[in-house]
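After the sequence you'll find the predicted model.
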Amino acid sequence: MSAAPQIDLTNAETFPSRRTEAWKYSDLKRWLREAPEPSGTALVGAPGPFYDLGGEAIVFANGRPVGVTDFIASGVQTLRLRFLSDAVGTGHTAAARIVARPGAKLLLLETHQGKGSAYVAHNKVEIDVARDAEVTRIVLIEEPEDAISVTNAEVRLEAGGRYRQTIVTTGAKLQRIETQLSHGAEGADARLDGLYLLKGSRHADLTTVVDHLAADGTTSQLTKGVVHDTARGVFQGKIIVERGADGTDARMAHNALIASERGEVDAKPELIIYADDVQCAHGNTVGTLDESALFYMQQRGIPADEARALLVQAFLFEVVDRIEDEAAKEVVRAWLTARL
């Protein structure tokens with residue numbers, strides 16, 4: 001099911017280029033021709049944006065764990081997973097494993113926070129969602145404009161489980177956030193949402209692969225993006241319905257706004273269906289802000305820049321408003337509003 005080669009920051013031969021189909025919009029080899037020197041140590045510093053929501057914590061600083069790297073959830077729990085980078089021209093890798101036992105309900109609050117410049121970060125997360133368990137993963141990513149980062153999440157969703165994911169990012173020099181989900185169906189339900197807000201020359205690539213392995217599963221996906229200046233947004237969504245996965249209901253939508261003359265959006269939604277009796281659909285739109293709405297708002301005394309910001313906010317908040325945990329939703333709304 002893998003959508004990408006196994007990247008090893010110590011071996012430049014593993015860095016994919018645009019000749020690799022799944023990486024044709026995000027040419028890592030172009031920007032990273034040699035293996036970076038390993039990053040040194042870093043301080044944890046101030047708490048992350050989800051700190052006030054409590055719970056347990058897993059923290060990595062320049063790839064080094066500050067305590068445990070694995071977490072097993074049983075019952076109702078909250079986990080803050082933090083990937084911190086503070087480096088200049090070096091590279092680091094981190095890996096965490098999260099398990100939700102049968103019947104568990106886990107709120108996974110994940111942040112990627114970067115300081116310094118021109119670093120390379122490769123973060124990996126494994127998430128196991130057992131039968132009748134529920135995991136909600138909310139990810140906030142903010143890194144320097146000249147950083148390179150790749151995040152891989154491998155999710156195994158067992159029969160009857162629920163998985164909710166929302167990714168919010170402001171991009172980097174090259175940034176790829178990839179989710180591969182193995183869908184156990186039999187009532188299992190997945191939602192994979194995301195949004196990107198890109199300015200300057202930033203690049204963000206949200207790639208997902210969902211593999212429906214058995215009958216009667218659902219997947220819902222909504223991704224939205226806004227690009228300014230010369231930024232580039234990428235969405236690649238693939239849903240595979242295997243033989244025998246009858247009764248699958250899978251829906252995917254990507255909508256983007258280009259708010260400049262030189263911004264770019266590349267989108268590749270895919271449905272690959274080997275089963276009968278399924279309900280599957282995908283949609284993709286890329287456009288500009290509604291000029292009539294802008295004119296209407298300006299006629300009522302709202303300055304042009306403020307009107308644009310309000311329209312962008314309303315466009316992106318449709319994704320945020322799908323977050324079911326109210327406290328986490330408010331943190332994300334405030335975080336995003338501050339960057340608009």
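Yep, it's here. Numbers count the residues shown, from 1 in each chain.

the strands in the stretch 101-250 of the chain, which residues?
In the stretch 101-250 of the chain, the strands defined using DSSP state E, counting those that start in this stretch lie at 105-117, 120-129, 134-142, 148-157, 162-169, 174-183, 189-198, 203-212, 218-227, 232-241, 249-258.

Now tabulate those strands in a markdown table and tack on mean pLDDT and distance to Ala46.
In short, each C-beta sits where N, CA and C put it, glycine included. What follows is the strands of the stretch 101-250 of the chain, written out as a markdown table (pLDDT from 0 to 100; distance: least, C-beta to C-beta, whole Å):
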| stretch | mean pLDDT | distance to Ala46 |
| --- | --- | --- |
| strand 105-117 | 97 | 9 |
| strand 120-129 | 98 | 19 |
| strand 134-142 | 98 | 13 |
| strand 148-157 | 98 | 20 |
| strand 162-169 | 98 | 19 |
| strand 174-183 | 98 | 22 |
| strand 189-198 | 98 | 22 |
| strand 203-212 | 98 | 24 |
| strand 218-227 | 98 | 28 |
| strand 232-241 | 97 | 29 |
| strand 249-258 | 97 | 32 |
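
which one of those strands lies closest to Asp266?
Asp266 lies closest to strand 232-241 among the strands of the stretch 101-250 of the chain, at 4.9 Å (C-beta to C-beta).

mind exporting that closest one as CSV, just the C-alpha atoms?
C-alpha atoms of strand 232-241 as CSV (Å, rounded to 0.1, in the frame of the first residue of the first chain):
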residue,chain,number,x,y,z
ARG,A,232,2.5,25.7,-4.1
GLY,A,233,-0.1,23.4,-2.7
VAL,A,234,-0.3,19.7,-3.5
PHE,A,235,-3.2,17.3,-2.7
GLN,A,236,-2.9,13.6,-3.6
GLY,A,237,-5.7,11.4,-2.4
LYS,A,238,-6.1,7.8,-3.3
ILE,A,239,-8.9,5.5,-2.1
ILE,A,240,-8.6,1.8,-3.0
VAL,A,241,-11.5,-0.6,-2.6
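
Identify the neighbouring strands of it in the sheet and state each direction.
Paired neighbours of strand 232-241 in the sheet (DSSP bridges): strand 203-212 (parallel), strand 264-273 (parallel).

Return the angle between stretch directions for the last one and strand 189-198.
To tie it back to what came earlier, the one meant is strand 264-273. Using axes from the mean of the first three to the mean of the last three C-alpha atoms, to 10 degrees, the inter-axis angle of strand 264-273 relative to strand 189-198 is 170 degrees.

And the average pLDDT for strand 264-273 is what?
Average pLDDT, strand 264-273: 96.

got a markdown table for the strands of the stretch 101-250 of the chain, with distance to Glu34 and mean neighbour count too?
Formatted as a markdown table, these follow (distance: least, C-beta to C-beta, whole Å; neighbours: other C-beta atoms under 10 Å):
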| stretch | distance to Glu34 | mean neighbour count |
| --- | --- | --- |
| strand 105-117 | 17 | 21 |
| strand 120-129 | 10 | 23 |
| strand 134-142 | 25 | 22 |
| strand 148-157 | 12 | 23 |
| strand 162-169 | 26 | 23 |
| strand 174-183 | 15 | 24 |
| strand 189-198 | 27 | 24 |
| strand 203-212 | 20 | 25 |
| strand 218-227 | 29 | 23 |
| strand 232-241 | 24 | 25 |
| strand 249-258 | 33 | 21 |
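
Please identify which of the ones you listed is closest to Leu340.
Among these, strand 189-198 sits nearest to Leu340 (C-beta to C-beta), with 7.0 Å.

Specify the angle between that closest one and strand 120-129 in degrees.
Using the same axes, to 10 degrees: strand 189-198 against strand 120-129 is 160 degrees.

Export only the CA atoms of strand 189-198, formatted as PDB.
This file holds the C-alpha atoms of strand 189-198, laid out as PDB (Å, rounded to 0.1, in the frame of the first residue of the first chain):
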ATOM      1  CA  ASP A 189     -15.300   4.700   9.900                       C
ATOM      2  CA  ALA A 190     -12.400   7.000   8.800                       C
ATOM      3  CA  ARG A 191     -12.300  10.700   8.200                       C
ATOM      4  CA  LEU A 192      -9.200  12.400   6.800                       C
ATOM      5  CA  ASP A 193      -9.400  16.200   6.700                       C
ATOM      6  CA  GLY A 194      -6.700  18.800   6.000                       C
ATOM      7  CA  LEU A 195      -6.000  22.400   5.100                       C
ATOM      8  CA  TYR A 196      -3.000  24.300   4.000                       C
ATOM      9  CA  LEU A 197      -2.500  28.100   4.200                       C
ATOM     10  CA  LEU A 198       0.700  29.000   2.200                       C
END
